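Colleague: next input, structure requested:
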Amino acid sequence: MLVVSALTAQNTFKQEPTGKRVEEYKLVWQDNFDGTKLDETHHWTIVLNGKGGGNREMQYYKRGNIEVGKEPVSGENCLIITAKKEKYYSKKFTSGRLTTQNKLSFKYGKIEARIKPPRTANGLWPAFWLLGNDYPKALWPKCGEIDIMEMGNHVGIVESSQDRYFNGACHWGEQFNHGKYPNYAKASTGPYSLQDSFHLYTLIWDENAIKMYLDLDKFPDNPPYFEMPIQGKKLPNEVANYFQKPYFIVFNLAVGGNFTGIIDKKQITALKDGEAKMYVDYVKLYQKGVSGEELLLPTSGIKGDSSKKE
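Modeller: Numbers count the residues shown, from 1 in each chain. Got it, this is the predicted structure:
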């Protein structure tokens, strides 16, 4: 079965596209987290480890820190990731991370998630991002990374703007080389708090560029808060070599680490009450059905160019 069959079936989903020229996009995959438990059969894999993500993070990622339930203020059914101050193995904190690796990956399109992060205070690092589908073989940073939304950076802590300070970023390159690998990050300070309620984060990715937007559902004319061209020759360390292939989705809530500038557990003030929660109302993927796009859903037996016809 070619991908077009899957696109036709999945277009029965309720569509609420955002931004300008929305008619160009068709919904090809989504998770609204409307059930009573996470769909680990078709959509998600829960990560279990305490390796620190290569960033000196302080949490252990546990299964019990991920659930599906209600956000108490809005009543929305959500994915809930909980960071806790608790001892687990050698760690003083636990949290959650999940991915669509081996269950969903895609090349090009528009992906967006409606997220209410916790108050990052000092020490929490919520993120919505993508990793190259060749990660197990290529490893990082050669697989490539697209960070759609990160909060909790040490600059926001210093400037007392952590509820509004966020960034998008891309990382790539042949090897880590003691941190001397190619990357581009751009931070922004929002005009309002991003931690008091839900906000929409959108990535639009095609063969020309990677662009990220805030709250296109409310402000369809918003300019991108991150933009990076990805054209060029596919040579080692050149950007075109790393962002013209499929990627999978990651959500996580880290505790401490290099991004936050905190590597001492005593400086983690965000969990003084014991725990904090990150809520994801939904994540949706749209594509245009044009040449070059790919949608891979191995658990559904679907793989290939989403522009092909039967």
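Colleague: what sits against the spatially closest residue to Gly261 that is not a sequence neighbour?
Modeller: For Gly261, ignoring the flanking residues on the chain, the nearest one in space by C-beta to C-beta, 6 or more residues apart in numbering is His154 at 2.9 Å. For the C-beta atoms, the positions are set from N, CA and C on the backbone; glycine is no exception. His154 sits next to 259-262 when contact means C-beta atoms under 8 Å, 6 or more residues apart in numbering.
Colleague: mind listing the helices for this protein?
Modeller: Counting by DSSP state H, the chain has helices at residues 3-10, 135-138, 154-158.
Colleague: so which residues of the stretch 1-150 of the chain form strands?
Modeller: Assigned by DSSP state E, counting those that start in this stretch, the strands in the stretch 1-150 of the chain fall at 26-31, 45-46, 59-61, 66-70, 77-88, 91-95, 97-99, 105-107, 109-116, 124-132, 145-151.
Colleague: of those, which approaches Asn241 most closely?
Modeller: strand 124-132 (10.8 Å; C-beta to C-beta).
Colleague: what strands line up against that closest one, and which way round?
Modeller: Here strand 124-132 has these sheet partners by DSSP bridges: strand 145-151 (antiparallel), strand 247-255 (antiparallel).
Colleague: now do the buried residues in that strand.
Modeller: By 16 or more other C-beta atoms under 10 Å, the buried positions in strand 124-132 come out as 124-132.
Colleague: could you do stretch 98-110 as well?
Modeller: Applying 16+ other C-beta under 10 Å to stretch 98-110 flags 98-101, 103-110 as buried.
Colleague: in TSV: these, plus pLDDT and distance to Lys116.
Modeller: Shown next, in TSV, are the buried residues of stretch 98-110 (pLDDT from 0 to 100; distance: C-beta to C-beta, whole Å):
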residue	pLDDT	distance to Lys116
Leu98	98	17
Thr99	98	20
Thr100	98	21
Gln101	97	25
Lys103	97	24
Leu104	98	23
Ser105	98	26
Phe106	98	25
Lys107	98	29
Tyr108	98	28
Gly109	97	24
Lys110	97	21
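Colleague: nearest to Glu227, out of the residues you listed: which one, please.
Modeller: Nearest to Glu227 among the buried residues of stretch 98-110: Lys110, at 14.5 Å, using C-beta to C-beta.
Colleague: just to revisit the earlier point, columns distance to Pro298 on top of the strands of the stretch 1-150 of the chain, output as CSV?
Modeller: Converted to CSV, the strands of the stretch 1-150 of the chain look like this (distance: least, C-beta to C-beta, whole Å):
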stretch, distance to Pro298
strand 26-31, 13
strand 45-46, 12
strand 59-61, 23
strand 66-70, 22
strand 77-88, 21
strand 91-95, 27
strand 97-99, 13
strand 105-107, 9
strand 109-116, 18
strand 124-132, 16
strand 145-151, 21
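Colleague: can you say which of these is nearest to Lys272?
Modeller: Ranking the strands of the stretch 1-150 of the chain by proximity to Lys272 (C-beta to C-beta) places strand 77-88 first, at 7.9 Å.
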